[in-house]
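Visitor: Take this sequence and fold it.
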Amino acid sequence: MNQDKNLMHDDVDPVGSIPPDADYLSSGLMQGVCFFLLALIWYGFIYFIAKDAVAKRLWIFVLSFILLSIPICMFTVYNSTICQIRRLNSFVREGWIFRLLSRRALKIFLSLGWAVLTAPFMLVQFHGYRTVEWVAFFLVIPVFWTFFLLSRKLIAAELKPYLVTNMALIYARRLSCLIMVIVYVALMLFVGEEPKYLSVGEAIEDKQSAIVNMRGSAVGLYLSRLYTISEGTRAYIISRMGSENILLAIILQSCGSFVIFYNACTILCFLLIRRVEYRRMFGKPLSDAEHPHRVPISRIFAVSGILTFVVLFIYVHVVVRLELMLQQNPEVRLAVQERESAIVQILEKVDGAFFQEGTIDQLRQAKFEALRRVDMARFQLDRQIDRTFDQIEANVDKYLDWYYSLAGEYARIGSVLVGDVEEMLARKLEELLEEGVPLEELNIAFDNCLAESEAASAELKQAVGKILGENRVDPEDRQIRVKEVISLSEVLNPKDEKAGLGLGARLTGSGSVSGVVAVLTVMINKKIMGKGALKIAAKSITKIVAGKAAGTTSGVGVGAAVGAAVGSVVPGPGSAVGAVVGGIIGGVAAGVTVDKMMLMLEESFNREDFKKELISAIEEARKEYRDLVHMERAE
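Guide: Purely as a prediction, here's the structure:
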């Protein structure tokens, strides 16, 4: 072998070299103490998280998976490194074949895949372990240590130093795994008393009962379902075999335990890797020196960065996305509920009493059905209210036609003289706006809505009483979790739903049409008076009365001339009488003419604005009336 090649024999770094007697694993006694201490801590941690903690939270499951996978991957990297060095010792120079074979990526990825596939199922299987199985699991530690010492003693004198530890670990893993599988199968077949199953479903249910509280995450639940299906099927096949198929039963019994003990021994192999071997694992180039050079800081940084990225930004993200995807699966959600109900009694509370899960949903459904019935009647009432107000708005033009007519003008003048013009305008507005309005239909709609509300309320109370009677339970000795708490008043008298009919009943009084009409007219007049429309109209009338005096005077003169001509037919007093009559006729004619012209002028300038004011007031009254009808029932 070429002594000058760095691949074959690296010079010892005086700073980084560690004499064998300084390494904490170099001494057999110290090595044994450290090994048993680390193994017990590691296995104890596995026992703790597998028994209870892993079933509670997803992050514990993820952390446990990482801590199980890392030792498996690390020893695989170490073993592949030693095997690679052995193969590369056949080369005399570093060519392209050498560089191709010196890469370990494929084996590392294969080991990572093995860890990813087996570690989660190990956690699930550990969670359902019985005492006898835990005894077999912890028994691996002394068995493995014994075979490791024997193997190392036998090969130490004949192999190169860098091969001794690795070969001893490989032999110890193989022998320990074989022995422990035999021990486990013997315990299960002759001590465990595997029950007899009548069907595969019964076997699966029995296996599920051992890990029933695996409900902390959808990922853990899904893996537990896969595990129980495979274990239940295997257990059913074994239970149906007779004594003539004992060999096949042993093979089937050993299948599941082999993976457990193989990975358990791999973890123990990781604990026995010497510190100096990590230089060989992560150093470059690969070296068979007994004490390789220290790993450069840049390479440590690169390895740490890659490992961190893979764990935090690939593995964790993949698990979280898988968790969300499984949580949205209705089958998984149903399975979670079944698992949870098997160990925790999930109840609901209504007014301090306990009821079965789903009772509150039934109450809400009953309330929904009652409100839907009332909403149908309310919809018909709303339509009738809209038709009523639409007709009222259509009557605005009738009122304006009267308002800008001579009859309306002289009625307003007379009201000004007696001082009640606003009251007269309000009465006339009410009279004309109600003309043709379907008030009887509105009253019928009110009666129907009130009747439906009372009937729905009675049916709701009856349904609520039946639901509560059928679902009331007394808590058992199991742990109780109250899913939801409500009061009965929230169902029978919901604050967040519009009762809509309590005030409506008071509005209609005895149910007569006059009650509805009174509310409508008072509300509309209030809105119109609030906007000052009638007051403005009354003031404009007093101004017009004064303004028309001049026009009337000239009309009287014309009428007097006409009367004089008539009176000349009768001599003497006839002229005076004719003049009086003529003046009256002329004054009336002139006044009427001037009034008509003034009304036409006022209508052309003010009618549309006046109409908008009235329509706006009616619309506000419509909204207020609707809100009043559907107002929440008073506490």
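Visitor: I figured residue 272 hits residue 166, correct?
Guide: No. Using C-beta atoms under 8 Å as the test, residue 272 is too far from residue 166 to be in contact (10.0 Å). (Each C-beta comes from the backbone N, C-alpha and C, glycine too.)
Visitor: Would you confirm that residue 164 contacts residue 151?
Guide: No. Contact between residue 164 and residue 151 fails when scored by C-beta under 8 Å: they sit 9.2 Å apart.
Visitor: ok, those two, which is more surrounded?
Guide: residue 151 (21 against 17; other C-beta atoms under 10 Å).
Visitor: I'd like to know how far that one sits from residue 170.
Guide: 8 Å (C-beta to C-beta, to the nearest Å).
Visitor: before we move on, what about residue 228?
Guide: Counting by C-beta to C-beta, the gap from residue 228 to residue 170 is 34 Å.
Visitor: Of these two, which one has the most company?
Guide: The residue with more neighbours, out of residue 228 and residue 170, is residue 228; 24 against 16, by other C-beta under 10 Å.
Visitor: got a pLDDT number for the more buried one?
Guide: For residue 228, the model assigns a pLDDT of 80.
Visitor: Quickly note the distance from it to residue 116.
Guide: Taken as C-beta to C-beta, the span from residue 228 to residue 116 is 20 Å.
Visitor: Equivalent analysis for residue 415, please.
Guide: 96 Å.
Visitor: who has more neighbours, these two?
Guide: residue 415 (19 against 15).
Visitor: where's residue 485, which helix or strand?
Guide: Per DSSP states H and E, residue 485 falls inside strand 479-486.
Visitor: ugh, wrong one, residue 253
Guide: Using DSSP H and E, residue 253 falls in helix 246-271.
Visitor: what packs against that helix?
Guide: If you count contacts as 3 or more C-beta pairs under 8 Å, 6 or more residues apart in numbering; DSSP states H and E, helix 246-271 packs onto helix 28-51, helix 58-88, helix 105-127, helix 140-155, helix 161-190, helix 218-240.
Visitor: Please convert these to TSV, extending it with distance to residue 444.
Guide: Formatted as TSV, those follow (distance: least, C-beta to C-beta, whole Å):
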stretch	distance to residue 444
helix 28-51	72
helix 58-88	61
helix 105-127	68
helix 140-155	87
helix 161-190	81
helix 218-240	56
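Visitor: just to revisit the earlier point, quick one: residues in contact with whatever helix or strand comes next after the helix holding residue 253.
Guide: Sequence order places helix 277-282 as the next helix or strand after helix 246-271, per DSSP H and E. Contacts to helix 277-282, defined as C-beta atoms under 8 Å, 6 or more residues apart in numbering, come from residues 16, 74, 77-78, 81-82, 85, 162, 165, 286-287, 291-295, 299-300, 303.
Visitor: Just the buried ones among the residues you listed, please.
Guide: 74, 77-78, 81-82, 85, 162, 165, 286-287, 291-293, 295 (16 or more other C-beta atoms under 10 Å).
Visitor: Rebuild those as a markdown table, extending it with distance to residue 223.
Guide: A markdown table is the format used below for the buried ones among the contacts of helix 277-282 (distance: C-beta to C-beta, whole Å):
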| residue | distance to residue 223 |
| --- | --- |
| 74 | 24 |
| 77 | 26 |
| 78 | 28 |
| 81 | 32 |
| 82 | 33 |
| 85 | 38 |
| 162 | 39 |
| 165 | 35 |
| 286 | 38 |
| 287 | 41 |
| 291 | 44 |
| 292 | 40 |
| 293 | 43 |
| 295 | 36 |
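Visitor: This completes my enquiry, with thanks.
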